[in-house]
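Student: what follows is a predicted protein model with its sequence.
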Amino acid sequence: MIVLNTLRLLIRQIAPEDLNDSIEHRTDPDVCRFISDPMTMQEVKKFVDEHSKSWSGMINEHLALAVVLKSENKLIGELKVQHANLTEKITEIGFRFNKKYHKKGYAIEATEALMKHLFSEFKLNRITAICMDQNTDSFRLMEKLGMQRSSKKLPSAQIGSVVMVQIEYFITKKMWYAGTVARALSYYSDSQKNNA
C-alpha cells in the first residue's frame with residue numbers, strides 16, 4: 001500500500017469518502033480537456049467504488065491515489081500508478097488536479113514524492129507518463145521532474161470531437177538519481193551564496 005506525506009499533502013489510495021471531491025474534478029470539462037471525456041456523477045461513483053478496492057499491483061492494474069490537502073482535509077487531485085512491464089520494472093504514472101488548486105505547486109510536490117517512492121521502494125528501472133501534445137502544463141511539469149520526451153510513436157486519441165496526438169515522457173532510475181544529486185548540489189550552492 002502506498003501512503004506518502006509531504007509538507008502540505010497526504011497521498012493515499014482513493015476511498016469512498018472521496019466521492020464528492022472526485023466528482024468536482026472528474027466532471028469538470030476544463031480539467032478533463034486533455035485527459036478524457038468528463039464523467040457523469042454515476043460514472044465517478046463507479047470509478048471510486050472500483051478503485052477503493054485492494055490493489056494487487058498486477059500489470060496494467062490502475063491504482064488511483066488521492067492527493068489530500070492536509071490544511072483542508074480535501075482531495076484536490078489524483079495520481080495514477082500502473083505497472084506496464086513487471087519484468088523490466090517499468091511503471092506508468094499520471095496526474096489530474098482540481099482546477100481550483102492549479103498553479104500552487106501541489107502537482108509537482110505530489111508527483112515528485114510518488115516518483116521518489118516508486119524508484120526507492122519498487123526498485124523501478126523506468127517511469128513513463130503520457131499526455132496530449134497540446135497539454136503544455138502537463139509536459140512542462142514532467143520536464144521539471146527531469147523526464148524527457150520519448151521518440152516512441154503513440155496512436156492518436158479522441159476526446160469529444162477533437163483528435164489529439166499523444167506523447168510519452170520517461171525517466172530512468174539513473175536519470176532520476178542524477179537529477180536528485182544535481183538538485184541537492186543546486187540547493188547547497190544557493191545556500192552558500194546566501195550565507196556569504
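Tutor: Right, received. Where do you want to start?

Student: so for the residue nearest the centre of the chain, what's the pLDDT?
Tutor: In the chain, the C-alpha nearest the mean C-alpha coordinate belongs to residue 95, at 3.2 Å (C-alpha atoms, centre = their mean). At residue 95, the pLDDT value in this model is 97.

Student: show me the contacts for it.
Tutor: For residue 95, the contact set (C-beta atoms under 8 Å, 6 or more residues apart in numbering) comprises 77, 78, 79, 80, 107, 110, 111, 138, 141. C-betas here are computed from N, CA, C, even on glycine.

Student: now with 10 Å, please.
Tutor: For residue 95, the contacting residues are 35, 65, 67, 77-80, 106-108, 110-111, 114, 129, 131, 138, 141-142, by C-beta atoms under 10 Å, 6 or more residues apart in numbering.

Student: now residue 79. Nearest residue, chain neighbours left out?
Tutor: Ranked by C-beta to C-beta, 6 or more residues apart in numbering and with sequence neighbours excluded, the top spatial neighbour of residue 79 is residue 65, at 4.2 Å.

Student: just confirm the one you found is within a strand.
Tutor: Yes: according to DSSP: H, G, I helix; E, B strand; the rest coil, residue 65 belongs to a strand.

Student: I'd like to know how far it sits from residue 52.
Tutor: 12 Å (C-beta to C-beta, to the nearest Å).

Student: run a quick neighbour tally on the residue nearest to residue 97 when sequence neighbours are not counted.
Tutor: The shortest distance from residue 97 to any non-neighbouring residue, by C-beta to C-beta, 6+ apart, is to residue 77 (3.4 Å). Residue 77 is flanked by 26 other residues according to other C-beta atoms under 10 Å.

Student: tell me how far residue 77 lies from residue 106.
Tutor: Going from residue 77 to residue 106 by C-beta to C-beta gives 7 Å.

Student: residue 22 now?
Tutor: 16 Å.

Student: quick one, which of the two is more surrounded?
Tutor: Between residue 22 and residue 106, counting by other C-beta under 10 Å, residue 22 is the more crowded of the two (23 against 20).

Student: so that one touches residue 78, yeah?
Tutor: Yes: Residue 22 is in contact with residue 78 according to C-beta atoms under 10 Å; the separation is 7.3 Å.

Student: so what sits against both of these two?
Tutor: 14, 47, 51, 64, 66, 98.

Student: generate CSV for the residues you listed, with distance to residue 84 as supplementary columns.
Tutor: Formatted as CSV, the shared contacts of residue 22 and residue 78 follow (distance: C-beta to C-beta, whole Å):
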residue, distance to residue 84
14, 21
47, 21
51, 18
64, 16
66, 22
98, 27
